[in-house]
Structure formats: C-alpha cells, structure tokens
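K.L.:
Have a look; sequence and predicted model below, questions after that.
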Amino acid sequence: MNISNQTTTPSTLFNLTALCLMTSLQGNSSDNNTVKNNDVNIWFDCKNKKLNNPSLKPFWEYGEFKAAKWFSKNSKFIVMCLGYPGNIAAIITVCRMKPFTTSSLFMVMLAIMDTATLLSKEVYYRLTFHDVRLYDFGCQTMLFLGAFTMQYANWILVLMTAERFIAVRFPMKVQKISTKTKVAILLAVVAVILIGLNAHLFVTIYEKLYTRRGYVCTVKPEHAYFYLVEWYWVENSVFGFIPCVAVFVLNIMIIVCIRISIKKQKDLTAVDQNKSKQQMQITVMLVTVSVIFVILTMSNTIFLLYFVYIGYYQHRSDHYHIAVLQLTSQLVFLLTDFNNATNFYFYFLSGRRFRKHFIQMICCCCPKRKSRETTETSVYSKSTRY
C-alpha cells in the first residue's frame with residue numbers, strides 16, 4: 001500500500017462518506033472528462049495540479065501527514081478499547097436497572113448503535129487495509145451501514161434529549177406522553193426515514209480499479225455532481241448540523257425548566273420530592289452526554305464547512321496544506337469516534353444511580369465469595385472437633 005498515492009485513509013469514509021470519496025478521486029484525471037460541471041471538476045483535481053511553489057515537498061513527506069497516518073493507525077485501538085467494553089457495560093447495566101423506562105430504552109439503543117458504528121468503521125478499515133476486494137455490493141453495503149449507524153446514533157440522542165425535556169417540562173404527564181410503545185414506534189420511524197435517505201448509496205457507489213491503488217470504493221461518474229455537491233450538504237446536515245442545533249436548543253430549554261422546577265419543589269410532598277430527585281439525576285446524566293455530543297460533533301461539522309469553503313478551495317494545489325488538512329481531519333474524526341465510545345463513562349461520572357447499579361453488578365460476586373468462605377471455615381472448625 002503506497003501512501004504516496006493516497007490522499008485519505010479508509011477510516012475517513014465513515015466520518016463523512018462524501019469527504020472520503022472526494023479525496024479518493026483526487027489525481028484521477030480520466031474521470032474529469034465524464035463530468036462537465038465545473039463545480040464537480042474542482043473536487044476531482046488536486047494532486048495533478050502544478051504546485052504554487054514547485055520547491056515544496058510532496059504532501060506525504062511532511063511530518064503532518066506522517067502524524068495523520070500514525071493517528072489513523074493507532075487511535076483506533078484506543079477508541080475500540082474504550083468503546084466496546086463501555087457500550088456493552090452500559091447495555092447490561094441499564095437492562096438490570098429497575099424499572100426499565102423510556103430513558104432506559106433510549107440508552108440501550110444508543111449503546112447498540114454506537115457499537116455498530118465502531119464495528120462498521122473497523123471492519124471497513126481492516127478490509128481495505130488488507131486490499132480485500134468488496135465488489136460493488138460490498139462497497140454499497142459498507143457505505144450504507146456506516147452512514148446509517150452514525151446518523152441513527154445521533155438522532156437517538158436527539159430523541160432522548162427531547163424525552164428529557166418532556167419529563168422536566170411536564171413531570172405529571174410524562175408517563176402518558178412518553179410510553180415505551182410510543183418510543184419504540186418513533187425509533188422505528190426515524191430508522192425507516194434514514195434508511196430511505198441513504199438508500200441511494202446502492203445506486204451511486206461502485207468499486208473501481210485504479211492502476212496504482214487497486215480496487216477502491218468510489219462514486220459513479222454519472223452521479224458525481226449529486227454525490228459530491230448536493231449529497232454532501234444533506235449528509236452533513238443530517239449527521240451533524242441539525243442534531244447539534246436540536247440538542248443545543250433542547251438543553252437550554254431543559255436548564256430553564258430545571259431552574260423553574262427547583263423553585264416549585266418547596267411546595268411538593270416528600271414522595272413527590274423523591275420522584276423529582278430521581279428524574280433530576282437522570283436528566284443531569286443525559287444532559288451531560290448530550291452536551292459532550294454537541295462539543296465533539298460540532299467540531300466535525302465546522303471542519304467540513306472549512307474543508308469546502310476555505311481549506312480545499314484555497315489550498316487545493318499546496319501540498320503542505322494538504323498534509324495539514326489530513327492531520328486536522330484525523331484529529332476531528334477522532335473526536336467524532338470518541339462520541340461513539342465514551343457515553344458509558346459519562347453515565348458513570350454524572351449518574352449516581354447508574355454508578356451505584358454498575359458497582360453493584362461488578363461486586364455482586366463478593367458477598368457470595370464471603371459467605372462461601374464463612375461456610376468453609378465453619379465446616380472446617382466442626383471437622384476439627386471430631
């Protein structure tokens with residue numbers, strides 16, 4: 001695998017599919033003849049342009065590109081070590097917590113989708129790293145799964161934040177408004193919408209053979225304008241911008257409602273105050289996760305806007321800035337990966353009830369071991385008497 005012929009790494013694919021395909025097509029001048037629109041031609045031609053400064057080194061010789069390659073190779077190990085155990089622990093802990101509420105359902109689904117997102121990225125990376133041929137259907141399926149799982153995980157968090165707003169704003173009506181059946185139907189509807197939104201990948205994507213790079217998943221030339229220009233904005237909005245804005249606004253509304261409810265708690269009975277405190281603990285835990293989501297995901301959205309309007313158009317023929325762009329993209333995408341790998345740890349740090357149940361689950365064998373040792377000691381003492 002010759003890095004001099006690559007301007008992106010396979011892991012970039014599932015952070016935003018259009019970004020990977022844009023950069024993977026760079027340097028392929030034969031495709032330029034099939035696309036007549038000048039806006040699309042801009043995406044296709046980067047590496048073959050004459051340098052603004054001919055004395056500059058190729059981008060793959062800069063330390064920034066080497067650092068980006070290192071992050072691409074090694075950061076996955078950290079993300080996987082945090083993500084898989086954390087998400088599995090979150091699923092088991094939440095399922096053991098009673099009662100199993102609508103918030104529990106959201107948390108379990110979020111952990112499942114986070115795991116699926118990390119798994120799809122890892123599988124694609126390993127397959128492409130070892131030059132395994134995927135064929136058209138394999139490329140289409142991997143791209144679809146990557147895009148769907150990322151988007152669905154983010155929208156689950158949006159729905160979970162909205163449910164918390166209802167619980168804080170309408171505490172007496174939340175059990176009627178938000179039921180497990182309604183939540184399950186809502187999750188199914190959102191899943192169907194996202195499936196339909198990404199179904200075009202089975203038409204627009206195919207596997208192409210490049211002379212030096214081998215087989216690569218890329219966009220069909222006849223669909224290049226739609227994919228690289230129109231779909232770019234749609235996917236970026238669905239994946240990052242709209243969820244971030246929605247979660248940010250909902251969090252502000254939740255904070256305002258919490259401040260109002262604190263003033264009203266003085267008039268509640270002891271039972272109502274206990275229920276209110278439990279809801280407050282859940283709200284604090286989920287709001288913490290959603291705030292972290294906004295911070296980590298918004299960086300991705302801002303970077304992709306920069307990539308289009310400033311970074312790429314301004315520096316597309318400067319190899320140094322290509323190397324810087326690769327390093328920046330790896331750092332930003334690493335933050336996005338952490339969004340799918342760290343929810344459990346924020347549950348643990350911010351949720352007292354969640355932390356208590358998890359510790360009890362881990363230490364559940366201790367009383368049995370202690371009682372077993374006591375029994376063995378008792379039997380031994382009796383046997384010595386005789």
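P.N.:
Perfect, I can see it now. Small disclaimer: the values here were computed from a predicted structure and weren't measured.

K.L.:
Could you check how many residues crowd around S237?
P.N.:
Residues lying near S237 (other Cβ atoms under 10 Å) number 13. Just so you know, the C-beta spots here come from the backbone N, C-alpha and C atoms, and that holds for glycine as well.

K.L.:
Show the backbone phi and psi for the spatially most central residue of the chain.
P.N.:
Closest to where the C-alpha atoms of the chain average out (Cα atoms, centre = their mean) is N340, at 4.4 Å. Backbone geometry at N340, expressed as degrees, to the nearest 10, gives phi -90, psi 0.

K.L.:
Quick check: it touching L119?
P.N.:
No: in terms of Cβ atoms under 8 Å, N340 does not count as a neighbour of L119; the distance is 10.0 Å.

K.L.:
For L201, give me its contacts.
P.N.:
17, 140, 143-144, 147 (Cβ atoms under 8 Å, 6 or more residues apart in numbering).

K.L.:
how about the strands of the stretch 201-350 of the chain, start to end?
P.N.:
205-210, 214-219 (DSSP state E, counting those that start in this stretch).

K.L.:
The first one to strand 214-219, inter-axis angle?
P.N.:
Calculated by axes from the mean of the first three to the mean of the last three Cα atoms, to 10 degrees, strand 205-210 forms an angle of 140 degrees with strand 214-219.

K.L.:
what about P99, which SS state?
P.N.:
Here P99 takes the coil state, with states given by DSSP: H, G, I helix; E, B strand; the rest coil.

K.L.:
can you confirm V189 is in a helix?
P.N.:
Yes: judged by three-state DSSP, V189 forms part of a helix.

K.L.:
Report how many residues lie close to it.
P.N.:
10.

K.L.:
Return the residues in contact with it.
P.N.:
Counted by Cβ under 8 Å, 6+ apart, V189 has zero contacts.

K.L.:
how near is it to T117?
P.N.:
V189 sits 20 Å away from T117, going by Cβ to Cβ, to the nearest Å.

K.L.:
do the same with W233
P.N.:
Taken as Cβ to Cβ, the span from W233 to T117 is 22 Å.

K.L.:
When these two are compared, which one has more neighbours?
P.N.:
T117 (28 against 14).

K.L.:
these two touch, right, that one and N154?
P.N.:
No: judged on Cβ under 8 Å, T117 makes no contact with N154 at a distance of 9.7 Å.

K.L.:
Give me whichever of the strands of the stretch 201-350 of the chain is most buried.
P.N.:
Mean neighbours per residue, mean count of other Cβ atoms under 10 Å, is largest over the strands of the stretch 201-350 of the chain for strand 214-219, with a mean of 21.

K.L.:
which other helices and strands contact that strand?
P.N.:
If you count contacts as 3 or more Cβ pairs under 8 Å, 6 or more residues apart in numbering; DSSP states H and E, strand 214-219 packs onto helix 17-24, helix 135-169, strand 205-210.

K.L.:
and with 7 Å instead?
P.N.:
Judged by 3 or more Cβ pairs under 7 Å, 6 or more residues apart in numbering; DSSP states H and E, strand 214-219 is in contact with helix 17-24, strand 205-210.

K.L.:
What strands line up against that strand, and which way round?
P.N.:
For strand 214-219, the paired strands and their directions (DSSP bridges) are strand 205-210 (antiparallel).

K.L.:
can you list contacts of the strand it pairs with?
P.N.:
28, 134-136, 139-140, 143, 215-220 (Cβ atoms under 7 Å, 6 or more residues apart in numbering).

K.L.:
of those residues, the lowest pLDDT goes to which?
P.N.:
Note: of those, the lowest pLDDT belongs to N28, at 35.

K.L.:
show me where pLDDT drops low in the stretch 251-386 of the chain?
P.N.:
262-281, 307-317, 365-386 (pLDDT under 70).

K.L.:
And the helices in it, which stretches?
P.N.:
Ranges of helices in the stretch 251-386 of the chain, per DSSP state H, counting those that start in this stretch, are 270-306, 313-315, 319-339, 343-350, 352-362, 365-385.

K.L.:
Report the buried residues of the third one.
P.N.:
Which is helix 319-339. 319-330, 332-339 (16 or more other Cβ atoms under 10 Å).

K.L.:
my guess is the residue nearest to the centre of the chain contacts L118, does it?
P.N.:
Yes: with contacts counted by Cβ atoms under 7 Å, N340 reaches L118, the gap being 5.5 Å.
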